[in-house]
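Student: predicted coordinates and the sequence they were generated for:
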Amino acid sequence: MAKKNGGGLPAELAEAFEADSGSGFEGVTTDDLQIPFIRLIQALSPQIDKSDSNYIEGSGAGDIFNTVTKQHWAGDEGVVVLPALFQMKLLEFIPRAQGGGFVGELASTSDDVKNAYRDDDTGMELLPSGNELVRTAQYYVKIVHDDGTLESAILDMKKTQLKKSRAWLTLMQMQKHNGKALPMFANTYRLTSVKDENDKGKWFNWSIAKEGSVPSIEAYNEAKEMHQSVVSGELAIAPPQNLEQIENQSDSDVPF
């Protein structure tokens, strides 16, 4: 009988796996990969519609899910993440009433962004051209699974979620050691969901609380590597081609 290692694999196979680590993926670049997004399930999200191809069995409104693996977490229990980097994306779209479509990403210093205004009838932020400006707070994070493993993902917040983003950034910048601000990836945070509402309707929004210190130096270095990859441009997210790509995956039914 073949001798097995601690992971239950035959020793010879475990050694072969280690020796050939990464083989077959030599031609793979970041352009060939899909980074998961962490999103909230709303009352009208396709993830709870059994007739929809995006249906996730056992999920419900207020739950949190991974757009690639389809793993979901109960909204009141949430998911723990280790943040690595924040970026504010300013995305220009043709309004749906005019056919829709992604136009491009704008710089915060552009005259168009400076002259954007809020349309009282639609609640949309419009550019001088009449196109919609969608401000999206984007966080590169590591999902911290119960078994201690880490998984790369992106958490994006827009519209009413931007208030939650500002609160989270403030909380993270308050974390200090010997009077100096800690790096973003020094602590983990638990994301849960809460009900929110305004005069236009009700929906689920994020609730974020500090969970604890980074679990290990290995986790710290992995998040730091993710940070450096994004800053250097090695890891980048292709811009969406239409508004549905940043909304319809989970929360297109939240128009505010």
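Tutor: Thanks, I have it.
Student: rest of the way, CA atoms for contacts and neighbours
Tutor: Will do.
Student: for the residue positioned nearest the centre of the chain, give me its contacts.
Tutor: Among the residues of the chain, Leu155 comes closest to the average C-alpha position under Cα atoms, centre = their mean, at 1.6 Å. Applying Cα atoms under 8 Å, 6 or more residues apart in numbering, we find Leu155 in contact with Phe37, Ile38, Arg39, Gln138, Tyr139, Tyr140, Val141.
Student: for the helix or strand hosting the fifth one, which helices and strands make contact with it?
Tutor: Right, the one you point to is Tyr139. Remark: Tyr139 resides in strand 132-144, with elements defined by DSSP states H and E. For strand 132-144, the helices and strands in contact under the criterion 3 or more Cα pairs under 8 Å, 6 or more residues apart in numbering; DSSP states H and E are strand 79-93, strand 125-126, strand 150-158, helix 161-173, helix 217-232.
Student: got the angle between it and strand 150-158?
Tutor: Orientation note: strand 132-144 sits at an angle of 160 degrees relative to strand 150-158 (axes from the mean of the first three to the mean of the last three Cα atoms, to 10 degrees).
Student: off-centre distance for strand 132-144?
Tutor: Its chain's C-alpha centre and that of strand 132-144 lie 5 Å apart, by Cα atoms, centre = their mean, to the nearest Å.
Student: ok so, going back, of the contacts of Leu155 - the most surrounded one?
Tutor: When neighbours are counted as other Cα atoms under 10 Å, the busiest of these turns out to be Val141, with 26 neighbours.
Student: in space, what's closest to it - neighbours in sequence excluded?
Tutor: Closest residue in space to Val141, ignoring its immediate chain neighbours: Pro83 at 4.2 Å, by Cα to Cα, 6 or more residues apart in numbering.
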